[in-house]
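S.K.: based on what follows, work out the 3D shape:
(2 chains)
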There are 2 protein chains.
Amino acid sequence: MSFIEQLNWRYATKRMVADKAVPQEKVNAIVEAIRLSASSYGLQPYNLLVIQDKELLKKIQPIAYNQPQIGETSTLLVFAVWDKPTQERIDAYFNLIASERGIPVEALAGFKTTVEGTISNLDEATAYNWMARQAYIALGTGLAAAAIENVDATPMEGFNPAGLDELLGLTEKGLKSVVILPLGYRDEANDPLASAKKVRKSTEDFVISL
Amino acid sequence: MSFIEQLNWRYATKRMVADKAVPQEKVNAIVEAIRLSASSYGLQPYNLLVIQDKELLKKIQPIAYNQPQIGETSTLLVFAVWDKPTQERIDAYFNLIASERGIPVEALAGFKTTVEGTISNLDEATAYNWMARQAYIALGTGLAAAAIENVDATPMEGFNPAGLDELLGLTEKGLKSVVILPLGYRDEANDPLASAKKVRKSTEDFVISL
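M.R.: Numbers count the residues shown, from 1 in each chain, chains lettered A, B, ... in the order given. Got it, this is the predicted structure:
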């Protein structure tokens, strides 16, 4: 299948075949695509949780308004942004660049000043929204990777982030959950949307050419 | 190349070969991938501008802090969210679903009430940030599509949205630009980053397994 055919194949699956696990090498490919995603300045101001513990998934389900996919999935991805873009985190990023590229961190001073200047000017809500947007690029990458792997994936904003953060101990880790993504296989018998036509704005209505 | 290899190949290109145009069929494939992107409720609360007019691109460059890629690209994509998620726009979406699936719009009443209930509770800033996140899923999809097509693409938040909205007449269209993406081909001779090692957090630092 071409990428366009794979994107046409995917949809936000409402019911997944219970406990039909996604093979670990496919999970790894999706996670790796997410890790490689673009982010502003390359900063990756978020982490990815990969949850496969069935008992934990059962506890997450009520926090996600009892959506059935959380009970059916064997792998739930949670995108969690930093609570704050601290100086320590920025320093760690620049140390990583220097070490990966084998250059002194001082050689990155100009770039670092730019990043610090942008980020230190953001109030807490603006910083959160900016980091969440970066995580959504990664969500888009992960959805593409899942489609390429013929794995179903359902992005969910419908959950209580504070409840999830508490359950997963994210607050102590300095993280905040923003969006979750169960992986699995569509249950065609029980998901009416499995056979429904995909609906998107027409190219004519979507694209403005100048 | 595998998708992972394609993601490793891509980077935020700092210099593009001037006027080396991306073939229109590749532009179309990237645009189509963006059109097919996931969004919350499938609402697609944004439009995509495809700008290929060189005179217009010259006027955009100073609005984007004179970043050279804007002067070098032959195709600039602009992601622009709705100024407001109005009832008219929600109605249009549900009419589209009904028409595409050949069902009466009344059959969607429950889903429509859910969407209206969620959206009518959002203040203007929250609505903007929510719509922007949806556009960033599409940005992630577009970056994946570009990498698959071996086309370079540089996501840019560094521009003056109000200035761009004015130049492109977006305000009258009820739209607000959120992120822009020039497409092109890396200028290896002039872009020091073309040969720099890609830097990402290690899997160990990025993934939390539970």
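S.K.: which stretch of helix or strand covers the residue lying closest to A:Leu43 once chain neighbours are set aside?
M.R.: What sits nearest to A:Leu43 in space, not counting adjacent residues and going by C-beta to C-beta, 6 or more residues apart in numbering or on different chains, is A:Tyr93, at 5.7 Å. The C-beta positions use only the backbone N, C-alpha and C, and glycine is treated the same way. Per DSSP states H and E, A:Tyr93 falls inside helix A:87-101.
S.K.: residues of that helix that come out buried?
M.R.: Using 16 or more other C-beta atoms under 10 Å in any protein chain shown as the test for burial, helix A:87-101 gives A:Ile90, A:Tyr93, A:Phe94, A:Leu96, A:Ile97, A:Ala98.
S.K.: give me the longest strand you can find in chain A.
M.R.: Looking across chain A with DSSP state E, the single longest strand is strand A:175-184.
S.K.: give the contact list for A:Glu55.
M.R.: Not one residue lies near A:Glu55 by C-beta atoms under 8 Å, 6 or more residues apart in numbering or on different chains.
S.K.: quick one: name whatever helix or strand follows the strand or helix carrying it.
M.R.: Remark: A:Glu55 resides in helix A:54-63, with elements defined by DSSP H and E. With elements assigned by DSSP H and E, the helix or strand that comes after helix A:54-63 is helix A:68-72.
S.K.: who's in contact with that following helix?
M.R.: Taking contacts as C-beta under 8 Å, 6+ apart, the residues outside helix A:68-72 that touch it are A:13-19, A:57-58, A:60-61, A:64, A:76, A:154, A:156, A:182, A:184, A:187.
S.K.: give me the most central residue, chain A.
M.R.: Chain A has A:Leu139 as the residue nearest its centroid, 3.7 Å off, counting by C-alpha atoms, centre = their mean.
S.K.: surely it is in a strand?
M.R.: No: according to DSSP: H, G, I helix; E, B strand; the rest coil, A:Leu139 belongs to no strand; its state is helix.
S.K.: leaving out the residues flanking it, which one is nearest to the residue of chain A found nearest chain B?
M.R.: Proximity of chain A to chain B (C-beta to the nearest C-beta) peaks at A:Gly140, 2.1 Å away. Excluding its sequence neighbours, the residue lying closest to A:Gly140 (C-beta to C-beta, 6+ apart) is B:Gly140, at 2.1 Å.
S.K.: confirm for me that that neighbour is in contact with A:Ala145.
M.R.: No: with contacts defined as C-beta atoms under 8 Å, B:Gly140 does not count as touching A:Ala145, sitting 10.2 Å away.
S.K.: how many residues are close by the residue nearest to A:Gly140?
M.R.: By other C-beta atoms under 10 Å in any protein chain shown, 29 other residues sit near B:Gly140.
S.K.: again with A:Phe159
M.R.: Neighbour number of A:Phe159 under other C-beta under 10 Å is 20.
S.K.: ok, how many other residues are close to A:Thr171?
M.R.: Other residues within reach of A:Thr171, judged by other C-beta under 10 Å, total 12.
S.K.: and what of A:Arg200?
M.R.: For A:Arg200, the neighbour count with other C-beta under 10 Å is 18.
S.K.: let me know the secondary structure of it.
M.R.: Three-state call for A:Arg200 (three-state DSSP): coil.
S.K.: how close does the closest residue to A:Thr13 other than its chain neighbours sit to B:Pro182?
M.R.: Once flanking residues are discounted, A:Thr13 sits nearest to A:Asp152: 4.2 Å by C-beta to C-beta, 6+ apart. Per C-beta to C-beta, to the nearest Å, A:Asp152 is found 33 Å from B:Pro182.
S.K.: can you check A:Gln134 too?
M.R.: Distance, A:Gln134 to B:Pro182, using C-beta to C-beta: 19 Å.
S.K.: A:Ala109 too?
M.R.: Relative to B:Pro182, A:Ala109 is positioned 27 Å away (criterion: C-beta to C-beta).
S.K.: of those two, who's got more company?
M.R.: Each of A:Ala109 and B:Pro182 has its neighbours counted (other C-beta under 10 Å); B:Pro182 has more, 27 against 11.
S.K.: give me the distance between that one and chain A.
M.R.: According to C-beta to the nearest C-beta, to the nearest Å, B:Pro182 stands 14 Å off from chain A.
S.K.: pull the CA atoms of the helix or strand bottoming out on mean pLDDT in chain A into CSV?
M.R.: Lowest by mean pLDDT, DSSP states H and E among the helices and strands of chain A is helix A:109-120, with a mean of 94. Extracted in CSV, the C-alpha atoms of helix A:109-120 (Å, rounded to 0.1, in the frame of the first residue of the first chain):
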residue,chain,number,x,y,z
ALA,A,109,26.3,29.3,22.6
GLY,A,110,24.4,31.3,20.0
PHE,A,111,21.8,28.7,19.4
LYS,A,112,21.4,28.2,23.1
THR,A,113,20.9,31.9,23.8
THR,A,114,18.2,31.9,21.2
VAL,A,115,16.4,28.9,22.7
GLU,A,116,16.7,30.3,26.2
GLY,A,117,15.5,33.7,25.1
THR,A,118,12.4,32.3,23.5
ILE,A,119,11.5,29.9,26.3
SER,A,120,12.2,32.2,29.2
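S.K.: tilt between that helix and helix A:87-101?
M.R.: Angle between the axes of helix A:109-120 and helix A:87-101 is 150 degrees (criterion: axes from the mean of the first three to the mean of the last three C-alpha atoms, to 10 degrees).
S.K.: okay then, goodbye and thanks.
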